[in-house]
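[1] Here's my sequence, what's the structure:
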Amino acid sequence: MADPTTLQGLQFPSTLVGKKILLATESWGPVNGVSRTTRSLVEYLRDNGADLILVAPSFKGNSKQASWELRLPGCALPYNPDLTVVYPFHLDDVFNNSFRPDLIYLASPASLGFQMLLQIRQLRSPPPILLNFQTDLSAYAEIMLPAPLDHFGVWLLASVQGFLFRTNAVHTIFYPCSAIRRYLEHARAPVDRLVQLGRGVDTGLFSPTLRDGSFRRQIAPNGEVVLICVCRIAPEKGFEFLAQVAQRLAAEKVLFKLLIVGGNRNPAVENKVQRLFDDVRDHVVFTGFLAGTALSRAYASADLFLHCSITETFGLVVLEAMASGVPVIARDQGGPSDIIRHGQTGYLVPPRDLESFVHLVRDVAGDSRRRTSLAVAARQYANDTTWEKINCRAAWHMVEALSHTDQESQVPREVVRPGVIASFFEQLRLILAVGLVYFMWLISVVPLLVHGNRFLPRAWQAVQGQFQDTRPLRS
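    Next up, the predicted model:
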């Protein structure tokens, strides 16, 4: 699909001013890559005059919400309370509590987005839809589910996603990296609707100028090299691998401090991660959640960023580290493979090659001139990747979707009744779609919630087993 911004530059499209946009996202409250990406787009659209309603799951602690937010109830996942599985709902109720949208944007569709897509398929005159595929659910299933459920989970998710993404109303499917494009093609998503859309970075907030000598002395009082890892504390984030890196570095007498920034609202998960580092406790500092200038200072005060997750569709933290003037060493899987310029802004290591990863960390940590050269190139790369450019591209694709829909429509949009239900048969189809959602809840989601934290030990066993497994990862 052609990029409409190539002819339009970086100017916000006036066509979107006053347009009713319903943006549904699975992650809005807690700080993570998906929520930061979505929040940036929401602010961009609202600041430029779009009439936007945000639909998101309720989560623990979200007592404050804006007038333009619509929260849907659901169940928080026991092993990750930041994520909520939305209860079955009727699309008519969503529209009646917001508006009949001109356009729908689904960020990382899952429990909320899948239900919307299923019901939108039943509408006679649906608004155009844009999807942003930011979370590879099948990769999580592959890592966290025990065999043979892992293969079944991957197949089931690919089948559901491929079916829903072929909905006629879907105009654009944004994807973050080449590995995800291959997955979407395998899932039989329509290739003519795929558009690569990366993520931006705030180069003012994340900057080498925020390097703080006193903070470094607090973390590394003996002049140790400061390594940093920023991510949500969860079993799929590669902590088993990172712990083994730290143990090898300590055994080789490398003078280092490892700063781990992030948290999890489930204390059992955090404790499980921290116990992995018991043998190198003197080398590791857990900061918990950081945001704003505290997060920026932590990035900029480090010498080297270690990225050990292999489930990232993009890896926003990698770009934030590069903007902070910190070179990155990452496992060559998923989004970071498209961001890092090997040997120029950082290094990519085969996902299971612990020996090479440790070797690179040791060599780069001990070579300040090499780190400086990498840091300068990393910052230059980040300067060309701003949120303004990314969000403007998304906005112009929205205009293209609206234009395409208006050309195909037999009925002018302004005369379509604001109510969703246009006929008895349309209402019947919607009822059946909601019934199917309830059925899927009964056979898949409810057992997961009932088992709760019983799932967590299995997830860790799966992660550890996968690390020891020598089979190549799914691309």
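[2] what residues does the longest helix belonging to the chain touch?
    The longest helix of the chain (DSSP state H) is helix 387-408. Under the criterion C-beta atoms under 8 Å, 6 or more residues apart in numbering, residues 3-5, 8, 10-13, 15-16, 19, 21, 40-41, 44-45, 48, 102-103, 105, 127-130, 132, 171-172, 174, 195, 197-202, 413 lie in contact with helix 387-408. Bear in mind the C-beta positions are built from the backbone N, C-alpha and C, glycine included.
[3] hmm, 6 Å instead?
    With contacts defined as C-beta atoms under 6 Å, 6 or more residues apart in numbering, helix 387-408 is touched by 4-5, 8, 10, 13, 15-16, 40-41, 44, 103, 128, 171-172, 200.
[4] Dump it to CSV, restricted to CA.
    C-alpha atoms of helix 387-408 as CSV (Å, rounded to 0.1, in the frame of the first residue of the first chain):
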residue,chain,number,x,y,z
TRP,A,387,6.5,10.7,17.2
GLU,A,388,5.4,13.6,15.0
LYS,A,389,6.4,11.7,11.9
ILE,A,390,4.9,8.4,13.0
ASN,A,391,1.6,9.9,14.1
CYS,A,392,1.3,12.0,11.0
ARG,A,393,1.7,8.9,8.8
ALA,A,394,-1.1,7.2,10.8
ALA,A,395,-3.3,10.3,10.4
TRP,A,396,-2.9,10.4,6.6
HIS,A,397,-3.8,6.7,6.4
MET,A,398,-7.0,7.5,8.3
VAL,A,399,-7.8,10.1,5.6
GLU,A,400,-7.1,7.5,2.9
ALA,A,401,-9.5,5.0,4.6
LEU,A,402,-12.3,7.6,4.9
SER,A,403,-11.9,8.6,1.2
HIS,A,404,-11.9,5.0,0.1
THR,A,405,-15.0,4.2,2.1
ASP,A,406,-16.9,7.3,0.8
GLN,A,407,-16.1,6.3,-2.8
GLU,A,408,-17.4,2.8,-2.3
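[5] so for it, what's the average pLDDT?
    Averaged across helix 387-408, pLDDT comes to 88.
[6] before we move on, what about stretch 341-349?
    Stretch 341-349 comes out at a mean pLDDT of 95.
[7] Need the distance between the two termini of it.
    Taking C-alpha to C-alpha, to the nearest Å as the measure, stretch 341-349 stretches 12 Å from start to finish.
[8] Then stretch 91-108?
    Span of stretch 91-108 from end to end, C-alpha to C-alpha: 18 Å.
[9] How about stretch 195-210?
    35 Å.
[10] re earlier: out of the contacts of helix 387-408, give me the two with the largest separation.
    Greatest spatial distance among the contacts of helix 387-408 (C-beta to C-beta): Pro128 and Gly200, at 23.7 Å.
[11] contacting residues around stretch 342-355?
    Residues beyond stretch 342-355 that count as contacts (C-beta under 6 Å, 6+ apart) turn out to be 244, 310, 322, 327-333, 340, 356-357, 360, 377-378, 381, 473.
[12] now, which of the residues you listed lie within helices?
    Those of the contacts of stretch 342-355 lying in helices (DSSP H): Gln244, Met322, Ser356, Phe357, Leu360, Ala377, Ala378, Tyr381.
[13] Quick check on those residues: which are buried?
    With burial judged by 16 or more other C-beta atoms under 10 Å, the buried subset of those is Gln244, Met322, Phe357, Leu360, Ala377, Ala378, Tyr381.
[14] Tell me which of the contacts of helix 387-408 fall in strands.
    Using DSSP state E, Leu103, His171, Thr172 are the members of those that sit in strands.
[15] From Asp102, how far off is the nearest residue to the last one once chain neighbours are set aside?
    What it means is Thr172. Spatial nearest neighbour of Thr172, excluding adjacent residues (C-beta to C-beta, 6 or more residues apart in numbering): Leu130 at 4.5 Å. Leu130 sits 12 Å away from Asp102 when distances are taken as C-beta to C-beta, to the nearest Å.
[16] likewise Ala378?
    Here the distance between Ala378 and Asp102 works out to 40 Å (C-beta to C-beta).
[17] What of Lys272?
    46 Å.
[18] Give me the domain ranges for this protein.
    5-200+387-468, 208-383 (automatic domain parsing).
[19] ranking these by mean pLDDT, which is last?
    The weakest mean pLDDT among the domains of the chain belongs to domain 5-200+387-468, with a mean of 79.
[20] Not counting its own residues, what contacts whichever strand or helix holds Tyr105?
    Assigned by DSSP states H and E, Tyr105 belongs to strand 103-107. With C-beta under 6 Å, 6+ apart as the test, strand 103-107 has contacts from 21-25, 38, 113, 127-132, 398.
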